[in-house]
Each structure stands twice: as structure tokens, then as C-alpha cells.
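[1] everything below, folded, please.
(2 chains)
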Amino acid sequence: MTSTILTFTAEVDPRRRGELDQVLAGLRESLRLPDQPPFGGMRSLHFASVTVFDTPNFPSRLVFEHNFDGELEPYLEELVGAAAFWIHRLFSCATDYRAPSDSSQTEIRNYLKAHVLRPAAYHIGNVGRSVTRIHRETGLREDLEGKIDSLGRSERPATSEAGYAFVRQEMERAGKYGWVTQESHLRQTPEEKSAPRRRLWLTAGVLLLGLVALLFLFPRATGGTIVLLVVVLLLHEALERPMKPTELSPDHARRLAEHEDHLVQNHLASMTVVKPSPFRRVLLRIVLWAANLVARTSTDGTLSGIPSIHFAHWVLLDQGRRLLFLSNFDGSWENYLDDFIDKASPGLTGIWSNTVGFPRTWLLAAFGGSRDGVAFKAFARQHQVPADVWYSAYPTLTVKQIDNQSTLREGLAAPPSGQQLSAWLRCW
Amino acid sequence: MTALEASDTQGLVATSFSHLTCAAYEFLRVENRESARTWLTRVIGQVTPAVKDDKPRALNLALSCPGLQAIGLDQDTLGSFPPAFLDGMTSARRTRILGDHGPNEPGNWVWGGPANPVHVLLLMYGENEAERDRQLEEWTPGPGAGLKVVTTLLAGRQPNSQEHFGFADGVGQPTFDSTTKTRQQSRTGHATQLEPGEFVLGYENQYGYRSLTPTVAAERDPGNTLPASAAGKERHDLGLNGSYLVFRQLAQDVTTFWEHVTQAAGALWPNDPDGPTRLAAKFVGRWPSGAPLALHPARDPFNGQAQPNPENDFGYAETDPHGHCCPVGSHIRRSNPRDSLGPTPEQARKSANRHRLLRRGRLYGTKSADVRIRDGKERGLLFICLNADIERQFEFVQQTWINNPVFAGLYDEADPLIGNQAACSGRFTMQADPLRLRTPNLASFVQVRGGGYFFLPGLRALSFLVQPPLVTGP
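    Residues are numbered from 1 along each chain as shown, chains lettered A, B, ... in the order given. Have a look, this model is predicted:
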């Protein structure tokens, strides 16, 4: 099952900004109870959020984020069926909304379809896992963990084979886990797993060949162009003004912090303004395109070594003048940002150095940028906006745990052997 | 690596004064701004710098955020301090980060809570009880001093380096250049050498940059008591050679700990006389002697005798990647995961070393004569640590490692030794071959009794802070 990441966005009617806040408060209230409408009963929704961005010099924007299983059409059917009441009230505050009532589901669906923004680059932590599968595998693991816990001292298996046999036997005895072996247990088909990597190498190869050919055919023109581009980049980097860490508004930082650390998971929404020069705007599109190619090859739950991101995406809006980033991640904001700094500096510097206020960089991502932890965190905080509404279908699970549970289930479906058996037993 | 400006740095940054065996921590509240400043001016003349001496006593001084306000520091300067320090340990957000819920709530604290805030912390050390008490007498403000004592905590002679549960403590201590400890530890190969900027403001940190430092508008410092700030000449540097000091009074319930461990070990390994010690060691990650389980999985190589230089030169990635020796959720693996959190051992260690603390704590209360008997006396740890960035260091360790219910892929567990078990499943998993063992229904063995965030200024900064005519209130 493939997942889809997108947002529905609309411009907020300034006269209805106050009303929008009330609607958001109502929706937030109705989400306090788990498993309740509008989102709680939805089969294919992983994460959802609503954030309003009131950036100066831009119209207020309502951003409705969705990470879901399958394609847009069937999902819209499910979403509007479950949440028409709230969607109608939310988008009634937009400038161009026309649906007469919350029972006009076709109009609502058409409106949403016309307001879809697809990501320029995205990452999925637990590729190939549907909401249903995640819930099922959680139940399976918890159930069998209990069986292992109840083993007395003399009953504890002495060998790996005996350990496996015990777990397997308990699963069969429970009589309700037919799906473990009957349904496909693979996260991705071998083809799904290898195709992105092939595409990445192929693209890199073609680009490299093209460059070599150009250098060979027109050595002076190509060399000159490269030198010129580097000089233009260096000039930009020298003249642009980075934000000082002391410019971060303490009140803003405090307001954000109030929204964090309530759960195992957290949400991050950030809106940055792309640097006004055409050079930067083109460069950002190229970097995002490359980042997306690389992110597609991630099949082990990590993005540049960061193991805690469920879903993340970048999207350009306002004709490429602003960059929106939305992420659903595990752990604290500090930990997330430190992972960005320690593990993914080049990638994220390559992206955000094209936006206003980013810590000074040299040669796109080669030097500086997010390596200055203090300056980078201040920049990140300053452009972050707390989500007004946030929903997770499995708020107590981390990416790592979900992967672990899938490994357990896959091992029950297809018995591992040798080294893999020991590794499998360690997952309990 | 820049050498520390020792004469401008308070002694605690460089040493834990372990040769001065007795300590007293006095918490004061400012009642009258002007007289308090006069009194403090007298005290700071006696503050011990980080310069080696053979005096029988030492005195250091730190201030909380309400303390800086109380002696009249202006809003503009205060605003340049980091949010964690400004919030203090008891704000709703900090309480959430630190996991101070239930019995650990600041409302229940005996000091530092909303009902009993503290402003000034005097740290006094003496070579014996008499010397310490002389200092205590000298520096307890009398009537008219403008300060009132909120509480005084005494830390007596430490019989050995084992904390009250019976385990060698303070082993995995990082060091930075120019401290005596560095020389000592590098001889034994035990040092984790870090940049001074991790612990002292104004120096390069593990990122190769300087941590944010509080600054003063130049016109508030016309006498140039403070050096110019890196931020520009219109600001002067109040933080240089200073540090942030975190204080937590942690009461340890020794009897409950050993009762629980004995009973739980009986269920896991019936009729094994070594069971309780083994289970307790699994909680801690070291044997009572300080020997790490990662290197000595089977038994305590020193038979429980505390070692002067316990083994600290190890990692997990190679010797114990899966926690079969030292459980993944054990106390020392949570409080410093070393090279174990991936993606590669090198990267993991680099990341972990950006969240280290310089521990300066001491035990309080007497050792239990018999851990099985509830003697009704309070005992525990006066946890003190220094760091340059409270959010990135102390709070990170507490939130992302110690209290994290999903630490390293575990399911809903907390630190077995100091975690709040009511906030999670109360289970503890011990990875084993072929299947893990698990012990349920852990109790909380440690309770927070008080705490606070303090600024431990450099000596120039101290004298600036108490200068009466130049610091005016808002």
C-alpha cells in the first residue's frame, strides 16, 4: 500500500479570521477523545493537521495537511464522508469557498480537489505500512509479548528455535491471526524497493554524462558557465543577511514550546520566504527535486540517518515565493533539530539556505548553515507556527517501533533462519 | 583548544573540590535589594576561583533568575538569558520536560517550588566538618543583611564513592582542557575530552561555535567591568567564564529499592543468592564496584568494592550492541548512550557528546546501616551539574534519554533507577538470548524534593551584578 502526502490550502478571508479560530477551537476540542469523529474512525488517515499561517506581506493561509493510504479520489470520498461538517466550516472562512452546506459533499470534494498542493519533496518513514496494518501489528505484538512475559523460569526456551516455536505456537493458538500468513507480509515488493535507487543512479549518470559531453564539446563555454554560476552563488552568499539568533522573539518561542512534548510524537510546521532573486528560486527547485530523488530511495525508515520521521514534506506555494515544511516526528523538538544538525546538515542546508534569514552558508551546503546549532535553531523556531489542530492515528508509536512490529509479523509469516532468527528474536 | 581564564572562573567549573570532604549548600532569598547587594559584595570578595590553592575551604556563588531580578538586574539584560533559565525549573513546560509529575511536582518541593522560591545559592566546602561549619556561620546572613535563609543542605563526609543504593557514582564524567581531572583521567585513559564551551560560556563548543551568552548594553557598564561581547561593541559580555548550574535534591528510598529488587529477582531467578545484586546492576548498568556490565556481564570483578578509577573507556556498539550485557534501558545507558544510538558508532558518539553534563553533586544523609530496615531518615543525592545550554544538555538528557518512554525502541518504559514509573508501564526489559526477560511493577525509588536553575557567573560578572550604582531596577 502506497501512502500519499498532500495539503489542501486556501486563502483566508480576513473578515472571517476570528471565526476561523473558533472553528479550529471546536475541531480541536472534538479531537480530544481518541477514536472519535471526525478523524478517529477513518481507515486510511495516518496524520492530519490544520495550521494557519499569518505571515506579514502575505495573505493568511489555511493549510490542511493529510498523510493517508492510497490515492486521492477514494480518500476524498472517505474524508468528506467523515468530516464534511468540519471541512465545510473550516473552508467557509476561505475567500473562494462556495459550497452551500455541509451536505453538499460533491461540491466539497470538488473544492478540495481544486485546492490540492502536492509536495516538491517528501519522506515516508514506514513505507508500505497502512494504518490498518500498523494497528493490527501492534495488537499482535502486545498480545504475544504478554505470552512471553507469562513464561515461568523453567518454561523459558533455551534455544532460538525453541523461542521461535513458542511464539509461533502462541500465535496459532490465539486463533485470530490468520491475516499474518494469509495476506502479503512484504512492506514493499522487491521492485518497489529497488526502482528508486535505479532511478537515482540513472539520473545521476545521465546528468554526469551530459556534463562531460558539454565539457568535451564546448569546453570554454561550459567551464565558463560553471565558474560564473559559482561566482553568482558566492556573491549571493556574501551579500545576503542571515538572521541573528538574538532576533528570535522569546514570546514566539515560548508559544511554540507550549504546544510540544505532550506525546511520543510531535508536529512541526514551518513557513519560510524564498530569497527574492530568480537565481535562488531556480536553485531551490533543483535542490528539492534532487532531495526528492534521494528521499525515494529510503526504505529503512531513516532520512539521511534520522530515524524518527513518520511523514515530512516540502511544498512551494505563492508561485514559488514561499516554502512550506510539514513534519510528523518522534521525540522532542530539541532532539529532532539536533538530528538535523548532526546527521542531515548538507541536505537541509541545501534546501533552506535558499530562504530568507538562514544562517550564512558557503557553496550552497558545503560550509556553515545549520552546522551552527544555535543560529539554526533560532532560525527554525522563528519560522515555525504551531498547528491549530493535529491528529495522529497511533500517537504512542515511533517509526522504529512500527518497523520493529512489522519485522516481527514478517518473521511469523516467513520463518527466519540463522542470523536472521536471532535478530528476529531480539525484536521482542 | 582555548585555555580557560581560570582567575575569572568560579572553582566549581574546574573541580568538584573532592579534597574538601564536607559541603554546605545555603539557599537565600533577597528581602531588601540594597542591603543584599552590600552583603553580597562582601561575599564575592571571598569566592574561590578555578586556580589551584591549598586552602582548607572554598566558596562559590550562583543566582537564580528571580535572584537576578531581586538584586535589580534590568529587563533588557535579563531578556538576553536563555528561555530555560528565565522559566526556571518549575514552569509548566519545564515540569513536562523534566517529568516532574505526581509526587515530584514542584508544589510538593521543600525548596525551590512556587511556595518557597530561592534567589542565591552559596556553595561552601571545607576540609572537615568544623571548617565547613565555620564557613556556614560566617556566611549565614544576619539580621539587616537583606537576605533570609530558605534552607541549608549539608553534605557530610563521603565514606566512599558509592551512592546510597550502593553503586559507584560519578564515573562517566567528561572533562575539558586545563582541569586537573583531565590530567588525572588521561593517565588512565578514562577521559571523554570535550570542548570547554560545553560547560563554560564564551568558548567553542562541540559544534565548533559558541553558545549564546547573556549580554549587557554597553552604557550600563561604563566602567567596563565586563569585556566586549562577540555580538558587537554596543553589548558587553555578562556570560564569559560563567556556566549554568542545575540543582536537584533527589531523595532515595533505599529500603523500597532493595525490597523490590529482592522480590523481583526471586521471581526471575529463584533461589539465586546473587539475584538481587544482579538485577540491581541491570537497572544501573554497572556493578556496585563501578565495573560496567558491558565489559563484565557475568559478575562483579571487584566483588562490590568501589574502585578508585572505575572502567570508563568503553562503548556499546562493538561489545554489547543489543543490550544482552547492559540492558538498553539501564540507567547508565540512558544517561549516556555513548556510541549506541546509530546510525554509525562514530556519528552516535559525536551526537551523544553534544549532550553531556559536568556533574558536581554530593550525597546527603547518612548511609543506611541496614538497607532492609526503614530508619525514617531522609537520604539521597544533591545532584548538581554544570552546562552551557540547559535545553540542549540537562533537559535533553532528562527528556530524550532518561524519561523517554520509547528510548532506543523500547515500549513505554522509564529509567528503572530514577524514572517516574507511574508515568509509564512500570516494566523493565533485559535483552537476553534467545528471548528477553522482563520485570514488571517497578516502584519509583527516587523523589524530587527541590530544585532550581542557577547562573554561576564569572568573577568579573559577579562584581558587575552587585555593583550598586550601575544596576538599576526596571
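[2] return the residues of the stretch 151-300 of chain A in contact with chain B.
    Contact residues (C-beta under 8 Å from any C-beta of the partner chain) of the stretch 151-300 of chain A with chain B: A:151, A:153, A:156-160, A:162-163, A:166, A:244-246, A:250, A:253-254, A:257-258, A:261-262, A:264. To be clear about C-beta, it is placed using only N, CA and C from the backbone, and glycine gets the same treatment.
[3] which of those fall in helices?
    Of these, the ones assigned to helices by DSSP state H are A:160, A:162-163, A:166, A:250, A:253-254, A:257-258.
[4] and the contacts of stretch A:213-226?
    The list of residues contacting stretch A:213-226 from outside it, by C-beta atoms under 8 Å, 6 or more residues apart in numbering or on different chains, reads A:L211.
[5] tell me the gap between it and the middle of its chain.
    Its chain's average C-alpha position is 39 Å from that of stretch A:213-226, according to C-alpha atoms, centre = their mean, to the nearest Å.
[6] can you check the pLDDT for B:A191?
    Turning to B:A191, the model gives it a pLDDT of 65.
[7] biggest separation within the ones in helices among the residues of the stretch 151-300 of chain A next to chain B, which pair?
    A:A162 and A:P250 (59.2 Å; C-beta to C-beta).
[8] re earlier: generate a PyMOL selection restricted to the buried subset of the ones in helices among the residues of the stretch 151-300 of chain A next to chain B.
    Selection of buried members from those for PyMOL, criterion 16 or more other C-beta atoms under 10 Å in any protein chain shown:
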select buried, chain A and resi 160+163+166+257
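[9] within range of chain A, give me the residues from the stretch 1-150 of chain B.
    Near chain A, when you scan the stretch 1-150 of chain B using C-beta under 8 Å from any C-beta, you find B:79-80, B:83, B:86, B:92-93, B:96-97.
[10] if we use 7 Å, what do you get?
    The interface of the stretch 1-150 of chain B toward chain A, taken as C-beta under 7 Å from any C-beta of the partner chain, is made up of B:79, B:83, B:93, B:96-97.
[11] averaged pLDDT, the helix or strand encompassing B:E26. What do you get?
    Counting by DSSP states H and E, the secondary-structure element that holds B:E26 is strand B:22-30. What strand B:22-30 shows for mean pLDDT is 97.
[12] which strands or helices does it pack on?
    Based on contacts counted as 3 or more C-beta pairs under 7 Å, 6 or more residues apart in numbering or on different chains; DSSP states H and E, the elements that strand B:22-30 packs against are strand B:120-126, helix B:129-138, strand B:147-155.
[13] after that strand, next one along is what?
    Tracing the chain past strand B:22-30, the next element assigned as helix or strand by DSSP H and E is helix B:33-44.
[14] how about that following helix: buried residues?
    So helix B:33-44, judged by 16+ other C-beta under 10 Å, has buried residues B:33, B:36-37, B:39-40, B:43.
[15] quick one: contacts of stretch A:372-388?
    Here stretch A:372-388 makes contact (C-beta atoms under 7 Å, 6 or more residues apart in numbering or on different chains) with A:24, A:28, A:49-53, A:243, A:245, A:248, A:252-253, A:255-256, A:259, A:267-272, A:337, A:341, A:357-359, A:370, B:207, B:209, B:211-212.
[16] show the buried residues in those.
    By neighbour count, with 16+ other C-beta under 10 Å, the contacts of stretch A:372-388 hold A:24, A:49-53, A:243, A:245, A:248, A:256, A:259, A:267-272, A:337, A:341, A:357-359, A:370, B:207, B:209, B:211-212 as buried.
[17] out of those residues, which sit inside strands?
    The members of the buried ones among the contacts of stretch A:372-388 that map onto strands under DSSP state E are A:49-53, A:267-272.
[18] how about those in TSV, adding pLDDT?
    What follows is these, written out as TSV (pLDDT from 0 to 100):
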residue	pLDDT
A:S49	97
A:V50	97
A:T51	97
A:V52	97
A:F53	96
A:H267	95
A:L268	96
A:A269	97
A:S270	97
A:M271	97
A:T272	96
